[in-house]
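In: Here's a sequence, model it:
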Amino acid sequence: MTPEALLAHYDKAAPWPADRTARGPADVAAAYQDALALRALRLARGERPVGYKIGFTNRTIWQRYGVFGPIWGPVWNTTLTRCDDRGTVDLTGTLQPRIEPEIVFGIAATPPRDATLEQLFDCIDWLAPGFEIVQSHSAWKFTAAETVADGALHARLLVGRETPVRQFASTGAELDDKLAATHLTLFKGDETIDKGTGVNVLDGPLHALRHFVQELQSCPGAPALQPGDVITTGTWTDAWPIVPGETWRAAFEAPFDSLEITLR
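Out: The predicted model follows:
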């Protein structure tokens, strides 16, 4: 499909054609170029990119979905919601949505090329709990290239309380260790649905950020990270189907904040 056709499916919450040959390139590098063309269409109609999502950083779910490495895509002003410790997200216009509890970084400065974890830490402004709502236009059956073309499966992002990163750690190594060792429990209402740990996410969210920065810098035509960008680093659990009317909660261990979301 052309970038124009992809955008039309997104806007209409319409499934992709069943014929895989009609969907788009089988090559991931070509899919990123299609994604950048789709980005240009969204910019032209007035949407504003506010950061990026990183997907498939959780190695424990690679086999389940048949995608064996991280992907990335843009987050938009039209898909981002900020809150304190609880927020509401509208699922209107999403297709087969699922929920993912994540850690989100706020960027303070553009990272240097081939940044170390310590250099990345110096480029982070804040850290927050988040819920990403992902979606699939192909019934959750896809190749890696198709996930890239499908906006990296991004539909919505709820970002909770933003806390200066140096309230958690004074070095990148300290933050990396704390996040990797942290556990969370995911609740739907009062029911425990899943549990996860930061180490699931490419050995920790800071490692996921480093991987993404390297991939972004090597992608022809991709814009560099900018101060103020938000980066959500990948789910700590599986992605769970959701419907309007539900309330979910990600209970991160202290000192990291937890977050509640109501869906409508």
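In: From now on I want contacts and neighbour counts done on CA atoms only, so please keep to that.
Out: Will do.
In: mind checking the SS state of the residue lying closest to Thr79 once chain neighbours are set aside?
Out: Of all residues not flanking Thr79 in the chain, Arg156 sits nearest, at 4.6 Å (Cα to Cα, 6 or more residues apart in numbering). The three-state label for Arg156, taken from DSSP: H, G, I helix; E, B strand; the rest coil, comes out as strand.
In: Make residue 1 into 18 and carry on from there
Out: Fine by me, first position is 18 from now on; the one you just mentioned is Arg173.
In: Tell me which residues touch Arg173, please.
Out: By Cα atoms under 8 Å, 6 or more residues apart in numbering, the residues touching Arg173 are 92, 96-98, 106, 149-151.
In: With Asn75 instead?
Out: Shown in contact with Asn75 (Cα under 8 Å, 6+ apart): 217-219, 251-254.
In: rerun that using 10 Å as the cut-off
Out: 85-87, 213-222, 225, 250-255 (Cα atoms under 10 Å, 6 or more residues apart in numbering).
In: so how far is Gly221 from it?
Out: 9 Å (Cα to Cα, to the nearest Å).
In: again with Val230
Out: Val230 is 15 Å from Gly221, by Cα to Cα.
In: between the two, which one's more packed in?
Out: Between Val230 and Gly221, counting by other Cα atoms under 10 Å, Gly221 is the more crowded of the two (26 against 20).
In: That one against Glu191, yeah?
Out: No. Gly221 is beyond contact range of Glu191, at 11.7 Å (criterion: Cα atoms under 10 Å).
In: can you map out the helices along the stretch 118-267 of the chain?
Out: Using DSSP state H, counting those that start in this stretch, the helices assigned to the stretch 118-267 of the chain run over residues 134-139, 161-166, 189-198, 222-235.
In: tell me the average confidence for the second one?
Out: Per-residue confidence for helix 161-166 averages out to 93 on the pLDDT scale.
In: can you check the first one too?
Out: What helix 134-139 shows for mean pLDDT is 97.
In: what packs against it?
Out: Using 3 or more Cα pairs under 10 Å, 6 or more residues apart in numbering; DSSP states H and E, the elements in contact with helix 134-139 are strand 115-124, helix 189-198, helix 222-235.
In: Need the contact partners of that helix.
Out: Residues contacting helix 134-139 (Cα under 10 Å, 6+ apart): 124-133, 140, 182-183, 186-193, 223-224, 226-227, 230.
In: Buried only: go through those residues for me.
Out: Buried members of the contacts of helix 134-139, counted by 16 or more other Cα atoms under 10 Å: 124-128, 140, 182-183, 189, 192-193, 223-224, 226-227, 230.
In: And those, which two are furthest apart?
Out: Arg183 and Val230 (20.8 Å; Cα to Cα).
In: So which bits of the helix or strand bottoming out on mean pLDDT in the chain are buried?
Out: Lowest by mean pLDDT, DSSP states H and E among the helices and strands of the chain is helix 79-82, with a mean of 90. Buried positions in helix 79-82, judged by neighbour count with 16+ other Cα under 10 Å: none.
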